[in-house]
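1. Sequence and computational prediction follow.
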Amino acid sequence: MARIAFLGLGVMGAPMARHLAAAGHSLVVHNRSPEKARAWVQAHGGSHAATPAAAAGGADAVIACVGTDEDVDRVTQGPDGAFRNMSAGTLFIDHTTVSARIARKIAEAGRRQGIACVDAPVSGGQAGAENGTLAAMCGGTEEAIGAARPLMEAYSARIVHVGPDGAGQLTKMVNQIAIAGVLQGLSEAVHFTKAAGLDPDKVLEAVSGGAAQSWQMVNRWDTMMRGEFDFGFAIDWMRKDLGLALDEARRNGASLPMAALVDQFYAEVQAMGGARQDTSALVRRLNE
């Protein structure tokens, strides 16, 4: 069993760390707000550390699930960053959704220290993290992915090595671009169903068995109909992710008109007070 330092105990990180503990690994956890770390240890065992560097001491692997490029840089290479206390031969797995640029920067810093790095953003949301059924899209070397796979299997149903350093983050951008389009289409379908006076349960039964079916339809149709959005993946985070994709598109020349439009629609929902609501709250700008 591995000695793991887990950095970041939010709605995704906390259950992922829990699955690792349940699999028999020894965990030291760190969270920016220490009360979350203390509560996690009380519930699941292990220990907590005041800094990423302290958590990383003696670890076989360090796993991060934090918020932004700046957060990842801080927990790895900051004054109290984990890399300051990691030795050659250790493994770093980053599950944060960040830019490909920071993923490559961290991988290069890791190489200089003999640390194997994997950028492995995930899809599946809080439910996927809770149920251990996440999809991990991984960038890095074959050797790094091979070392990371047995650990990620504790909370992932699908692990795909998509390419070199940064490729995991680029693939997550693809994922978020696709979701943005699906949610806009679904929002309009929900809005149209209401305007047409149709029975929403019958409509869902009819269309969810055909080509229109999607994860979002199956899992969000009913709550969108009821106007329930206080759960799930926050719009603030979706806008961060779409911003990463739009920035990357400006660099690589890709045209993303739909993603840019939906990003602005999400800005409208933020202005309506929906910043922390689920991404399915996109329908609010049509209903209200």
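-> Noted; the coordinates are in hand.
2. what about stretch 25-39, how long is it end to end?
-> 18 Å (CA to CA, to the nearest Å).
3. So for that stretch, mean pLDDT?
-> Mean per-residue pLDDT for stretch 25-39: 97.
4. ok, now stretch 140-152?
-> The average pLDDT for stretch 140-152 rounds to 98.
5. What score does the nearest residue to residue 285 once chain neighbours are set aside have for pLDDT?
-> Spatial nearest neighbour of residue 285, excluding adjacent residues (CB to CB, 6 or more residues apart in numbering): residue 268 at 4.9 Å. Glycine gets a C-beta too; all of them are placed from N, C-alpha and C. Residue 268 is assigned a pLDDT of 98 by the prediction.
6. what helix or strand does residue 268 sit in?
-> Following DSSP states H and E, one finds residue 268 within helix 257-269.
7. helices or strands up against the helix or strand following that helix?
-> Moving toward the C-terminus from helix 257-269, the next helix or strand (DSSP H and E) is helix 284-287. Packing partners of helix 284-287 (3 or more CB pairs under 8 Å, 6 or more residues apart in numbering; DSSP states H and E): helix 167-195, helix 257-269.
8. Which neighbouring elements make contact with the shortest one?
-> Using 3+ CB pairs under 8 Å, 6+ apart as the contact test, the elements touching helix 257-269 are helix 167-195, helix 235-252, helix 284-287.
9. Can you tell me the centre-most residue of the chain?
-> residue 122 (4.8 Å; CA atoms, centre = their mean).
10. Spatially, which residue comes closest to it, not counting chain neighbours?
-> That would be residue 134: by CB to CB, 6+ apart, it lies 4.3 Å from residue 122.
11. ok now the host helix or strand of residue 63, how far from the chain's centre?
-> Assigned by DSSP H and E, residue 63 belongs to strand 61-64. Relative to its chain's centre, strand 61-64 lies at 15 Å (CA atoms, centre = their mean, to the nearest Å).
12. What pairs with that strand, parallel or antiparallel?
-> Here strand 61-64 is paired, per DSSP bridges, with strand 3-7 (parallel), strand 91-94 (parallel).
13. Using a markdown table, lay out the ones you listed together with mean neighbour count, mean pLDDT and distance to residue 276.
-> Listed next are the strands paired with strand 61-64 as a markdown table, based on neighbours: other CB atoms under 10 Å; pLDDT from 0 to 100; distance: least, CB to CB, whole Å:
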| stretch | mean neighbour count | mean pLDDT | distance to residue 276 |
| --- | --- | --- | --- |
| strand 3-7 | 26 | 98 | 23 |
| strand 91-94 | 26 | 98 | 24 |
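14. Columns distance to residue 63 on top of those strands, output as a markdown table?
-> Converted to a markdown table, the strands paired with strand 61-64 look like this (distance: least, CB to CB, whole Å):
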| stretch | distance to residue 63 |
| --- | --- |
| strand 3-7 | 5 |
| strand 91-94 | 5 |
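15. right, and the ones you listed - which one's nearest residue 145?
-> Nearest to residue 145 among the strands paired with strand 61-64 is strand 91-94 (9.7 Å), distances taken as CB to CB.
16. any idea how far that closest one is from the chain center?
-> Distance, centroid of strand 91-94 to centroid of chain: 15 Å (CA atoms, centre = their mean).
17. CA atoms of that strand as CSV?
-> The C-alpha trace of strand 91-94 is given here as CSV (Å, rounded to 0.1, in the frame of the first residue of the first chain):
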residue,chain,number,x,y,z
LEU,A,91,4.8,10.6,-8.1
PHE,A,92,2.7,13.7,-8.5
ILE,A,93,-0.9,13.4,-9.9
ASP,A,94,-2.9,16.6,-10.5
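18. how much does whatever helix or strand comes next after it deviate in direction from helix 235-252?
-> Where DSSP H and E defines the elements, the next helix or strand beyond strand 91-94 is helix 100-113. Helix 100-113 and helix 235-252 are oriented at 80 degrees to each other (axes from the mean of the first three to the mean of the last three CA atoms, to 10 degrees).
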